[in-house]
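Enquirer: prediction below, plus the sequence it came from.
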Amino acid sequence: MTTRTAPRVAVIGAGIVGASCAYHLASRGAEVTVIEREEGVAMGSTGRSAAGFRTQFATPHNVRLSLLALDWYRANDSGYTPHGYLFLVPPEQWDERLDQVAMQREQGASVDVLDVEEARRIVDFDPEGIAGATFGPEDGFVDPDRSTQLLMQHAREEGTVFHRLETVVGAEPRGEGWRLTTTEGTVDVDVVVNAAGAWAQQVAGYAGLEVPVEPFRNDVFVTAPRSRARPLPLTIDVPSGVYFRSEGDRLLIGHHDHDAPTGFLEGVNWDHLDPIVEALSDRYPWFADEELDAKASWWGYYEVTPDYSPVLGRDPAAPTWVNACGFSGHGVMHAPGCGRLIAEEVLDGRAHTLDIAPFRIERFRGRDLTVETAVI
Ligand SMILES: Cc1cc2nc3c(=O)[nH]c(=O)nc-3n(C[C@H](O)[C@H](O)[C@H](O)COP(=O)(O)OP(=O)(O)OC[C@H]3O[C@@H](n4cnc5c(N)ncnc54)[C@H](O)[C@@H]3O)c2cc1C
């Protein structure tokens, strides 16, 4: 008789979060099966992201998640390009922003405080209503598709089995583990990792559980090619919340409209474009020369939680059900680190590289949530 030592783990979803969890679990000896309904990796939100990476968050726990991911992005062929994030901050938010910079630096992030003229040497803008700027020289962007492919390739080299074109449609407790029902049959495992992104609530529901993750449609508007002297960092006009960055000879533009409805709405929200163009034209006089490329623009889902931080760790109602979802628009920049934390949670009993108390689902029982406000 043989004794099983390696837990069998099913990871639901092959976005960047699922791929990272699979890689970290498999490299530490777990028997991992990834189940994905699409035909390949990164076909959910991951492939639709604006690919930004930043350490400039308003809460220390999200800064720490970024820094954990930065190590992986630097060490791998991930497309990591540190062109920076530039926040243009109005006077009424300046003191609060300086407090955030102090907190970010305390956590180990590299953030510069710039006056208006220093910031205008990076991106030319109308200084009306701007007190100063913050710039993260280690912020920038990555290649989400390549990074997910790489994580999954390493996961498979460590023995992960990848079931694609297979949808999980049910989950029932079996002993201390789970029997997943899929469109292809059943999969029996000791532990389930819910990495189903915007669909995580639906997947949790199959197991009779809840996770407060809502789909939230977001757009990326793209301009036509135009020669540029140099790359532009991801630049956020904080008063309007509108951002852009350069991608080759184009600009990618977006805005998180907090008032828009949640739900599985589909297609680019063209009604959203006029206020965005107005804000860009007011702030950046040179924007008048840009032309929109409607066909190159796209949309996808943020997977938002009530406090805009992810849900990580065991579900107290079912300890062999582990959440890795609800990244609220920051999943690409946080995934590499969170896979490591999830592997620790499954294999060591508890995540320990970072204290994940601020990410545990139990936080929603408390009255006061610490809301991440740096959502763009
Ligand atoms: C327009 C836009 C811009 C963004 N910009 C950024 C950015 O600049 N930086 C950043 O960090 N993040 C950004 N994000 C957010 C980022 O894309 C997500 O946070 C991240 O991709 C989440 O990864 P995930 O693996 O959790 O989810 P996904 O990539 O959505 O993966 C979940 C997978 O689960 C699968 N699945 C769901 N249900 C089932 C089922 N029942 N059975 C089997 N498989 C299932 C889905 O098919 C999907 O492939 C952006 C998102 C959008 C939409």
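Expert: In hand now; what should we look at?
Enquirer: does Ala119 count as helix, strand or coil?
Expert: Following DSSP: H, G, I helix; E, B strand; the rest coil, the label given to Ala119 is helix.
Enquirer: for it, which residues are in contact?
Expert: Contacts for Ala119 (CB atoms under 8 Å, 6 or more residues apart in numbering) come out as Leu86, Leu88, Phe125, Ile130, Gly132, Ala133, Phe135. (Each C-beta comes from the backbone N, C-alpha and C, glycine too.)
Enquirer: helices or strands next to the helix or strand harbouring the last one in the packing?
Expert: It stands for Phe135. Element membership for Phe135, per DSSP states H and E: strand 132-136. For strand 132-136, the packing partners by 3 or more CB pairs under 8 Å, 6 or more residues apart in numbering; DSSP states H and E come out as strand 85-89, helix 91-107, strand 112-114, helix 116-120.
Enquirer: and the third one, what's its mean pLDDT?
Expert: To tie it back to what came earlier, the one meant is strand 112-114. Averaging the model's pLDDT scores along strand 112-114 yields 98.
Enquirer: strand partners (parallel or antiparallel) of that strand?
Expert: With DSSP bridges as the test, strand 112-114 is paired with strand 132-136 (antiparallel).
Enquirer: nearest to Asp307, of the helices and strands packed on strand 132-136?
Expert: For Asp307, the closest of the helices and strands packed on strand 132-136 is helix 91-107, at 16.4 Å, according to CB to CB.
Enquirer: starting at the chain centroid, how far to the strand holding Phe135?
Expert: On the basis of CA atoms, centre = their mean, to the nearest Å, the separation between the geometric centre of strand 132-136 and that of its chain is 22 Å.
Enquirer: just stretch 298-314 next, same as before
Expert: How far stretch 298-314 lies from its chain's middle: 8 Å, per CA atoms, centre = their mean.
Enquirer: kindly report the same for stretch 163-175.
Expert: Centroid displacement of stretch 163-175 relative to its chain, using CA atoms, centre = their mean, is 24 Å.
Enquirer: got it, and stretch 328-340?
Expert: Centre-to-centre, stretch 328-340 and its host chain are 5 Å apart (CA atoms, centre = their mean).
Enquirer: quick one: Thr305 and Gly326 touch, right?
Expert: Yes: the pair Thr305 / Gly326 is scored as a contact, 4.0 Å apart, by CB atoms under 8 Å.
Enquirer: between these two, tell me which one has more neighbours.
Expert: Legend: neighbour count by other CB atoms under 10 Å for Thr305 and Gly326, higher for Gly326 (29 against 24).
Enquirer: wondering if stretch 239-246 reaches the ligand at all.
Expert: No: shown here: stretch 239-246 not in contact with the ligand (CB under 6 Å from any ligand atom), separated by at least 8.8 Å.
Enquirer: numbering from 97 from now on, please.
Expert: Sure, I'll start numbering at 97, so the last one becomes stretch 335-342.
Enquirer: now the one residue in the stretch 347-472 of the chain that gets nearest to the ligand. Nearest residue, chain neighbours left out?
Expert: Residue nearest to the ligand within the stretch 347-472 of the chain (CB to the nearest ligand atom): Gly427, separated by 2.3 Å. Nearest residue to Gly427 in three dimensions, chain neighbours excluded: Val113, at 5.5 Å (CB to CB, 6 or more residues apart in numbering).
Enquirer: element containing the one you found, please.
Expert: Assigned by DSSP H and E, Val113 belongs to helix 112-123.
Enquirer: what helices or strands is whichever helix or strand comes after that helix leaning on?
Expert: Next along the chain after helix 112-123, taking DSSP H and E as the criterion, comes strand 127-131. In terms of contacts (3+ CB pairs under 8 Å, 6+ apart), strand 127-131 is packed against strand 104-108, helix 112-123, helix 240-253, strand 257-259, strand 281-285.
Enquirer: between strand 127-131 and helix 112-123, how many degrees?
Expert: Per axes from the mean of the first three to the mean of the last three CA atoms, to 10 degrees, the angle that strand 127-131 makes with helix 112-123 is 160 degrees.
Enquirer: re earlier: model confidence over the helix holding Val113, on average?
Expert: On average, helix 112-123 scores 98.
Enquirer: what's in contact with that helix?
Expert: Contacts of helix 112-123 (CB under 8 Å, 6+ apart): 105, 107-108, 110, 128, 130, 132, 137-138, 142, 240, 243-244, 247-248, 250-251, 254-256, 289, 291-293, 420-421, 423, 427-428, 431-432, 434-436, 438-439, 442-443.
Enquirer: distance from the chain centre to it, please.
Expert: On the basis of CA atoms, centre = their mean, helix 112-123 sits 15 Å off its chain's mean C-alpha point.
Enquirer: just confirm yes or no for it near the ligand.
Expert: Yes: counting by CB under 6 Å from any ligand atom, the ligand is contacted by helix 112-123 at Ile112, Val113, Gly114.
Enquirer: list the contacts of the spatially most central residue of the chain.
Expert: The residue lying closest to the centre of the chain (CA atoms, centre = their mean) is Gly427, at 1.5 Å. Each residue near Gly427 by CB under 8 Å, 6+ apart is listed here: Gly111, Ile112, Val113, Ser141, Thr142, Ser145, Gly293, Glu399, Pro406.
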